[in-house]
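> coords please:
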Amino acid sequence: MAKILKSKPLDLPKTCIIATVGGSDIYSKRYLGELVQEGATVIRINLAHIEHPSNLQSEGYQHVKRIVDDVRDISNEMQRPIGMLLDICGPKIRICDLPQPIPIQTGDEITFTTDSGCFSKERCSVTYHGFVSDIQKNHKIFLDDGKIRLKVIDKKVEQHNLICKVVSSSEQFIKKNKGFNLPDTVVNENTLTDVDIEVIQNLRKLGISNAFDFLALSFVRKSSDVNMLDNIANQYIYYPDNVTGERRIPILIAKVETYQAVATDTNGEYEILDAIVRDFGGVMVARGDLAVEKSPEDVPLIQMYLTRRGIQQGKPVIIATQMLLSMCEKGHERPTRPEANDVATAVLNYADAMMLSEETAASENSRLCVATMRQIALKAEKSQRTERESLRYLGALSTIKETLLGTDLDKEEITKQRAIAESAVLFARNLESPVIVVSTSSGDTAMKISKYRPAQPIIAITDIEKSANKLMLYRGVYPVLVDQKPERFEDIIQSAKEIVQQSKINGKSLVEPRTGKKVCVPLTLGIEPGLPFSVATPGNTNTIHILEFC
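As a prediction, the model looks like this:
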């Protein structure tokens, strides 16, 4: 039997948990290990806080390298796969690094400038060079997550000045590095900025760019934004495929947080959003900026729509921002009732993952936040006991016949893989199987089965660590990393049976005998006549074998 090197515990929820790592002021390897121990399956690193992009020796770069090294160590020590998500800033427009806050009140006038070194209400520097040219008179400007609302009353292009009036403010000060939202403005900056590219290049120079399994691009505005990200990933963030030797890149995730991305056409359809879901590898509903750029009442509807569309196209869907925000406050060790409901709703809507931001990056309760999210998710998932419930949500399997438009995949291959995935779910349902098992190299078959949200956990056996890490973002998938893939059909069957027999949920075996009835489990695998399994072509799943346990 192949030796198990790492596995995701079956006691963890099907819904994955992404934990954002905090800055060097609170960071330690022990802190990171606690997040993983409590149930974080993916670790997020936010590049927004690298303050000196050109200096490889800066604290920002060294902090990122420290996290990458620690994740690798913790993964080996705990024998768990851990996914890593790199969050790319995009064209975030910010106030400059003010030496001290600027006092304001409603009715005040303030002039923003693209000139550097200005730190007062009379002239305050911003980070975006096109701030004055892009924004027009009477445009609305939101600052600090909408806490400060302004209106443009004049602009002086030659002086690089934009004159604004404070319409309302719940803050008494403008603080350094706070971000702008420009719902009326078409920003002419590339979604992947020159600074982003420089940072990615430097991560490559530091030898850590290939550690990341997912790239999340902020402020995506259109589906074609994926092209530049794909190009940069192919240059600097690739890693070699263990089987074919070909270059692989991380899964590219669109952060949906701009009004352009969720604009509707004349028929009220989300045409741009549909194209983003189609062309990116996954989507994140970044509700913070989205709630500022759109009306708050629009956000739940967009979240529901994106979740459904992502599931239909087999793309991972992440729900993010302020899920347990109240727990960031000292002494707040329990979520509010709306927060608990928010987490449970994401689970009940079959999202792949939920993300913690400030809750783990800037909180004394970071470990407790992950534990709380895990507990809520497990409780909510207990109500999703059968495929019938998921099929009522998704629509019957036989009616899910959407096409994956805009891909280069052969249509016949798509049909074959979809047929295998659907059949595995139906076998498991009809046989009352406790689990679905997948033998996989790339992880693609496990991803496709996850799309149908089966009641059973999906045990994905792979000998490729990058595939195991990548699967830590997909709902219901529990990767098992083994030291080698068996050579013969009989060996892989025996190995799969032994892994299932060793698997337990809350100390209970998956295959405890039932009176007068065998336990049957579907196993998907690819068979190529004349070739050993160790050199079989990735993506060639073509067989379902039924494992029987007496």
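
> For L10, see how far away K508 is.
Distance, K508 to L10, by Cβ to Cβ, to the nearest Å: 10 Å. In this view, the C-beta of every residue, glycine as well, is placed from N, C-alpha and C.

> Least confident secondary structure element in this protein?
helix 387-394 (a mean of 54; mean pLDDT, DSSP states H and E).

> Have a look at K508 and L10 and say which one is more surrounded.
L10 (16 against 9; other Cβ atoms under 10 Å).

> If you drop the residues flanking it in sequence, what lies closest to that one?
Closest residue to L10 apart from its sequence neighbours, by Cβ to Cβ, 6 or more residues apart in numbering: I505 at 4.6 Å.

> Just give the nearest non-adjacent residue to Q260, would you?
R221 is the one closest to Q260 (Cβ to Cβ, 6+ apart), at 4.1 Å.

> Report the beta-bridge partner residues of the spatially most central residue of the chain.
Compute the mean C-alpha point of the chain, and by Cα atoms, centre = their mean the closest residue is I318, 5.0 Å away. Counting by DSSP bridges, I318 is bridged to M284, A353.

> wait, S509 sits on Q501?
Yes: the pair S509 / Q501 is scored as a contact, 7.2 Å apart, by Cβ atoms under 8 Å.

> Can you measure across stretch 511-526, start residue to end residue?
With Cα to Cα, to the nearest Å as the measure, the ends of stretch 511-526 fall 24 Å from one another.

> got any ranges where the stretch 101-250 of the chain has weak pLDDT?
243 (pLDDT under 70).

> please redo it, this time with the cut-off set to 80
241-245 (pLDDT under 80).

> For it, just list every one of the strands.
Taking DSSP state E, counting those that start in this stretch as the criterion, the stretch 101-250 of the chain carries its strands at 102-103, 109-113, 124-125, 140-143, 148-156, 161-169, 173-174, 180-181, 214-217, 239-240, 247-248.

> tell me the most buried of the ones you listed?
strand 214-217 (a mean of 26; mean count of other Cβ atoms under 10 Å).

> now A263, nearest residue through space, not along the chain?
I272 is the one closest to A263 (Cβ to Cβ, 6+ apart), at 5.9 Å.

> check contacts around that neighbour.
In this structure, I272 makes contact with K222, S223, Q260, A261, V262, A263, judged by Cβ atoms under 8 Å, 6 or more residues apart in numbering.

> can you give me the offset of stretch 27-38 from its chain's centre?
Distance of stretch 27-38 from its chain centroid, counting by Cα atoms, centre = their mean, to the nearest Å, is 19 Å.

> any idea which element N469 lies in?
Remark: N469 resides in helix 465-470, with elements defined by DSSP states H and E.

> low-confidence ranges in the stretch 451-550 of the chain?
487, 513-516, 528-539, 550.

> Swap in 90 and give it another go.
Within the stretch 451-550 of the chain, the ranges that satisfy pLDDT under 90 run 452, 484-491, 506-508, 510-518, 526-542, 550.

> Helices of that one, start to end?
Taking DSSP state H, counting those that start in this stretch as the criterion, the stretch 451-550 of the chain carries its helices at 465-470, 489-502.

> Serialize those to CSV and add fields for mean neighbour count and distance to C550.
Formatted as CSV, the helices of the stretch 451-550 of the chain follow (neighbours: other Cβ atoms under 10 Å; distance: least, Cβ to Cβ, whole Å):
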stretch, mean neighbour count, distance to C550
helix 465-470, 25, 30
helix 489-502, 17, 11
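
> all strands of the stretch 301-450 of the chain, in order?
317-320, 353-356, 436-439.

> Of those strands, flag the one that's most buried.
With a mean of 28, the top stretch among these by mean neighbour count (mean count of other Cβ under 10 Å) is strand 436-439.

> So which residues make contact with that strand?
424-425, 428, 445-446, 449, 454, 456-462, 485, 492, 496, 499-500, 521-526, 533, 541, 547.

> and stretch 278-289, how far apart are its ends?
Start-to-end, stretch 278-289 (Cα to Cα) is 22 Å.

> repeat for stretch 46-61
OK, stretch 46-61 end separation, Cα to Cα: 11 Å.

> residues contacting the closest residue in space to V152 that isn't next to it in sequence?
Closest residue in space to V152, ignoring its immediate chain neighbours: H139 at 4.8 Å, by Cβ to Cβ, 6+ apart. Contacts for H139 (Cβ under 8 Å, 6+ apart) come out as K151, V152, L182, D184, T185.

> State the distance from H139 to P91.
For H139, the distance to P91 - Cβ to Cβ - is 16 Å.

> One more: L547?
Counting by Cβ to Cβ, the gap from L547 to P91 is 51 Å.

> what's the answer for L431, then?
Following Cβ to Cβ, the distance that separates L431 from P91 is 51 Å.

> These two: who's more crowded?
More neighbours surround P91 than the other of L431 and P91, with 20 against 15 (other Cβ under 10 Å).

> ok, the more buried one touching V186?
No: using Cβ under 8 Å, P91 makes no contact with V186, being 11.6 Å away.

> residues contacting the nearest residue to I237 once chain neighbours are set aside?
If the residues on either side of it in the chain are set aside, I237 comes closest to S209, at 4.6 Å by Cβ to Cβ, 6+ apart. Taking Cβ under 8 Å, 6+ apart, we find S209 in contact with I200, L203, Y236, I237.

> go on, R221?
T191, T258, Q260, A261.

> so how far is N234 from it?
22 Å.

> With T113 instead?
The value you get for T113 to N234, if Cβ to Cβ is used, is 38 Å.

> Narrow the contacts of R221 to just the buried residues.
Neighbour counting over these (16 or more other Cβ atoms under 10 Å) leaves T191, T258, A261 as the buried ones.

> Could you export those as JSON lines, including distance to I18?
Formatted as JSON lines, the buried ones among the contacts of R221 follow (distance: Cβ to Cβ, whole Å):
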{"residue": "T191", "distance to I18": "21"}
{"residue": "T258", "distance to I18": "21"}
{"residue": "A261", "distance to I18": "20"}
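
> of those, closest to K382?
Checking the buried ones among the contacts of R221 against K382 by Cβ to Cβ gives A261 as the nearest, at 34.5 Å.

> Without its sequence neighbours, what residue ends up closest to K294?
Nearest residue to K294, sequence neighbours excluded (Cβ to Cβ, 6+ apart): Y259, at 5.8 Å.

> burial measure for that neighbour, as a count.
That count, for Y259 with other Cβ under 10 Å as the rule, works out to 18.

> okay, it: pLDDT?
For Y259, the model assigns a pLDDT of 91.

> what's the burial count for Q100?
9.

> which residues touch it?
Contacts of Q100 (Cβ under 8 Å, 6+ apart): F119.

> and the gap between it and F119?
In this structure, Q100 and F119 are 8 Å apart, going by Cβ to Cβ.

> so what's K222 up against?
Counted by Cβ under 8 Å, 6+ apart, K222 has contacts Q260, A261, I272, A275, I276.

> okay if I get those residues as JSON lines plus distance to M84?
Formatted as JSON lines, the contacts of K222 follow (distance: Cβ to Cβ, whole Å):
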{"residue": "Q260", "distance to M84": "29"}
{"residue": "A261", "distance to M84": "25"}
{"residue": "I272", "distance to M84": "29"}
{"residue": "A275", "distance to M84": "27"}
{"residue": "I276", "distance to M84": "23"}
